[in-house]
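Visitor: Structure here, sequence nowhere to be found:
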Ligand code: HEM
């Protein structure tokens, strides 16, 4: 115990000395204004308290009042420049790989794989990002995903009993994992889906846990799950190499083998990266959308009316077409508003590759740079009634440009620049079809108070407990 304390104190002193030297070097350059906070821990606790609350930009808003929209602070033992400035956020995203790079700890890289699009940089990132975007572009969604997603919804969502009590957070997670197993691996057999869903779930839990690689810890379980997922992928690759084609050809994996020429070890990491990036984000947006709709019956009614005006699939027999999907304009407003108000990617994490000049400031090489997206999404000066769920705002022609989630500095739920989310269109399709399935099949009442939190990941703290009753078309009107 004494030895452990000794080592901790020793390393703290060493660390502080190193940080002080670095700070002294940067002081003569003009870092954005800010405060240092407590020695070593800086503002880490204030940061943590804010993101664990229901309003993650709290700390950022306080600093913005004192220092302006671009400020500096000390986070997790490192100097960071944080921004609530839409133009600077955009500048950072647009300069990915040139002035800034995304930055992750080694434990995370080991888990998601060092050959995957999220962790690689430069030329390799551009290549993998291009492949991911190609796999999930609109035409591919129409052809490969539209019907499969509806089948997964029917299987995972439509069999709850009247009066059943559920935690919607768990259900959304199950839906998202089943979607991923189906779409990434193209698996359709029930037993194989269940086996893979279990592994995927262990893997995703570990990505959001403390990185302790010891038996019993979620990170360790996730590493084991990773090994098994890779084994399964490698078996599929072997089968493909021996037989020249695959029985199940709808999944991303099969298309990756047919259309691209990635080395085998990069194929598994590619799939695992998509799994990590696409699972929790989609599950939690589905959940938050229902949470917001529960508090806004007028919006729920309008969404239901829109869905019922399309042909019926509540019995799971009739498939929606691409044209039907395109006609869901109010549903799309609900999705945009849910992403604005409950955006899962509340901030992005970057590191300056070199000393970067921006306006009068110099951001020193190695400094963290944090575009805080939700500070813009929840800024009263950008959105009237910014804290209210108001999907109709997106119907206002004045907001048309702001709404362009590919390029708008004011609305960037899917990031931007070279790391813009390649799964954005797929996620929107999944969420729309989930909302359709859920609202046309059930009514619900919330049975326990709940609130959002964004630490360790976006969630509702009580899992959103609701009681379901089946909605029968003939009850309506
Ligand atoms: C509502 C759901 C989603 C949200 C809010 C979301 C958000 C984001 C954001 C903000 C980024 C940029 C991260 C950064 O710049 O550091 C990103 C990247 C990424 N997303 Fe998504 N995403 C969603 C769904 C998906 C889905 C369904 C997939 C695929 C199955 C996916 C795959 C990826 C990948 C592979 C990247 C990394 C791209 C790169 O680094 O080049 N995402 N996502």
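Guide: Looks like it arrived, so ask away. What you see is a predicted model, and the numbers here were worked out from it, not measured in a lab. Residues are numbered from 1 along each chain as shown.
Visitor: Let me see the confidence value for the residue in the stretch 301-450 of the chain that the ligand sits nearest to.
Guide: Checking the stretch 301-450 of the chain residue by residue against the ligand with CB to the nearest ligand atom singles out residue 423 as nearest, at 2.2 Å. The C-beta positions use only the backbone N, C-alpha and C, and glycine is treated the same way. Residue 423 is assigned a pLDDT of 97 by the prediction.
Visitor: So it is in contact with residue 133, correct?
Guide: No. Under the contact definition of CB atoms under 8 Å, residue 423 does not touch residue 133, with a separation of 9.0 Å.
Visitor: which residues sit in contact with the residue of the stretch 301-450 of the chain closest to the ligand?
Guide: When contacts are counted by CB atoms under 8 Å, 6 or more residues apart in numbering, residue 423 is found next to 132, 136, 274, 277-278, 282.
Visitor: buried stuff in the longest helix along the chain?
Guide: The helix spanning the most residues in the chain, taking DSSP state H as the definition, is helix 264-295. Within helix 264-295, the residues that count as buried by 16 or more other CB atoms under 10 Å are 266-294.
Visitor: Please apply the same query to stretch 191-208.
Guide: Quick answer for stretch 191-208 (16+ other CB under 10 Å): 193, 196-197, 199-208.
Visitor: Quick one: the helices in the stretch 301-450 of the chain, in order.
Guide: Assignment of helices within the stretch 301-450 of the chain using DSSP state H, counting those that start in this stretch yields the ranges 322-326, 329-341, 373-377, 400-403, 424-441.
Visitor: how about the residues of the stretch 251-400 of the chain near the ligand?
Guide: Residues of the stretch 251-400 of the chain found near the ligand, taking CB under 6 Å from any ligand atom as the criterion, are 273-274, 277-278, 281-282, 285, 344-345, 348.
Visitor: any chance of those in TSV, with pLDDT too?
Guide: Below are those laid out as TSV (pLDDT from 0 to 100):
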residue	pLDDT
273	93
274	94
277	93
278	92
281	95
282	97
285	98
344	90
345	92
348	96
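Visitor: Quick check: phi and psi at the nearest residue to residue 442 once chain neighbours are set aside.
Guide: The shortest distance from residue 442 to any non-neighbouring residue, by CB to CB, 6 or more residues apart in numbering, is to residue 468 (4.7 Å). Dihedral angles phi and psi of residue 468 (degrees, to the nearest 10) take the values phi -100, psi 150.
Visitor: and residue 468, how many neighbours?
Guide: Residues near residue 468, counting by other CB atoms under 10 Å, number 20.
Visitor: what does residue 45 give?
Guide: Residue 45 is surrounded by 12 other residues when neighbours are defined as other CB under 10 Å.
Visitor: Enumerate every residue touching it.
Guide: Under the criterion of CB under 8 Å, 6+ apart, the neighbours of residue 45 are residue 38.
Visitor: Same question for residue 228.
Guide: In this structure, residue 228 makes contact with residue 199, judged by CB under 8 Å, 6+ apart.
Visitor: distance of it from residue 268?
Guide: 11 Å (CB to CB, to the nearest Å).
Visitor: Show the pLDDT at residue 258.
Guide: What the model reports as pLDDT for residue 258 is 86.
Visitor: what about it, which helix or strand?
Guide: Per DSSP states H and E, residue 258 falls inside helix 252-259.
Visitor: SS state for residue 130?
Guide: helix (DSSP: H, G, I helix; E, B strand; the rest coil).
Visitor: Low-confidence ranges, the stretch 101-250 of the chain, go.
Guide: Low-confidence segments of the stretch 101-250 of the chain (pLDDT under 70): 245-250.
Visitor: follow-up on the earlier one: okay, the helices of the stretch 301-450 of the chain in CSV with distance to residue 68 and mean neighbour count next?
Guide: What follows is the helices of the stretch 301-450 of the chain, written out as CSV (distance: least, CB to CB, whole Å; neighbours: other CB atoms under 10 Å):
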stretch, distance to residue 68, mean neighbour count
helix 322-326, 42, 14
helix 329-341, 23, 22
helix 373-377, 12, 25
helix 400-403, 22, 14
helix 424-441, 31, 23
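Visitor: Relative to residue 219, which of those is closest?
Guide: Evaluated over the helices of the stretch 301-450 of the chain, closeness to residue 219 peaks at helix 424-441, with 26.0 Å, by CB to CB.
Visitor: Grab the nearest non-local neighbour of the residue in the stretch 1-150 of the chain that the ligand sits nearest to.
Guide: Of all residues in the stretch 1-150 of the chain, residue 129 sits closest to the ligand, with a separation of 4.0 Å (CB to the nearest ligand atom). Among residues not flanking residue 129 along the chain, residue 117 sits closest, at 5.5 Å (CB to CB, 6+ apart).
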